[in-house]
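Novice: have a look at this prediction, sequence included:
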Amino acid sequence: MSSERTEVQVRAGVEGDLEALTDIYNHYVRETPITFDTAVFTPEERRPWLLSHPEDGPHRLKVAVDADTQEILGYATSSPYRPKPAYSTSVEVTVYVAPRAGRRGIGTLLYKALFEALADEDLHRAYAGIAQPNEASTRLHERFGFRYVGTYREVGRKFGRYWDVAWYEKEL
């Protein structure tokens, strides 16, 4: 590790992270098709999302922070895949990295911590939908053992065009 690279710690997300997490997510809402949300959120509007990811259980929120500055560099979540009871052993996972923290391995650290935390949960599969194109996300998911299962063609419209979403799954 070079001396320029700061140490990154991964921990459970807490309510005090809400503003920074909202800022990161809003970047992707405004600037990218990575999320299909089209309007930015206030931290108060995002509070139910944060509270739906407790420190234990199958629906987690992991946050990467700069060890020196405590700046939030990104986050990963596992969320319900679908609301019906038979889906309870499946989760949808996602990672968002602060724009200035990209290409530093933050996503890898977050997923490593998330999947370690989920290892003892009653879960069978993890799913990830990746708006196309997104080679970095595809590589990250494949590195963690996800395999491609199909593409929903032109399933979302944002920025005046339609976007495909490729779906990946991982056995847990």
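Specialist: Alright, I've got the coordinates. Residues are numbered from 1 along each chain as shown.

Novice: tell me how far stretch 143-150 lies from the chain's centre.
Specialist: Here stretch 143-150 is found 15 Å from its chain centre; the criterion is Cα atoms, centre = their mean, to the nearest Å.

Novice: swap in stretch 92-105?
Specialist: Per Cα atoms, centre = their mean, the centroid offset for stretch 92-105 relative to its chain is 8 Å.

Novice: for that stretch, list every residue counted as buried.
Specialist: E92, V93, T94, V95, Y96, V97, A98, A101, R104 (16 or more other Cβ atoms under 10 Å). (C-beta placed from N, C-alpha, C; glycine too.)

Novice: do the same with stretch 164-171
Specialist: Neighbour count says stretch 164-171 has V165, A166, Y168, E169, K170 buried, by 16+ other Cβ under 10 Å.

Novice: in strands only, show me those residues.
Specialist: Taking DSSP state E, the ones among the buried residues of stretch 164-171 that sit in strands are V165, A166, Y168, E169, K170.

Novice: list of residues touching the host helix or strand of Y127?
Specialist: Assigned by DSSP states H and E, Y127 belongs to strand 125-131. For strand 125-131, contacts defined as Cβ atoms under 8 Å, 6 or more residues apart in numbering pick out 33-36, 78, 81, 89-94, 115, 118, 137-138, 141, 146, 152, 156, 163-172.

Novice: pairing partners for it, with directions?
Specialist: If you go by DSSP bridges, strand 125-131 pairs up with strand 90-97 (parallel), strand 161-171 (antiparallel).

Novice: just the mean pLDDT for that strand, thanks.
Specialist: The average pLDDT for strand 125-131 rounds to 98.

Novice: what of stretch 81-91?
Specialist: Mean predicted confidence for stretch 81-91 is 97.

Novice: and it, what's buried?
Specialist: Quick answer for stretch 81-91 (16+ other Cβ under 10 Å): Y81, S90, V91.

Novice: now the strands paired with strand 125-131 in a markdown table, with distance to W49?
Specialist: Below are these laid out as a markdown table (distance: least, Cβ to Cβ, whole Å):
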| stretch | distance to W49 |
| --- | --- |
| strand 90-97 | 12 |
| strand 161-171 | 20 |
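
Novice: so for L51, which of those strands sits nearest?
Specialist: strand 90-97 (17.0 Å; Cβ to Cβ).
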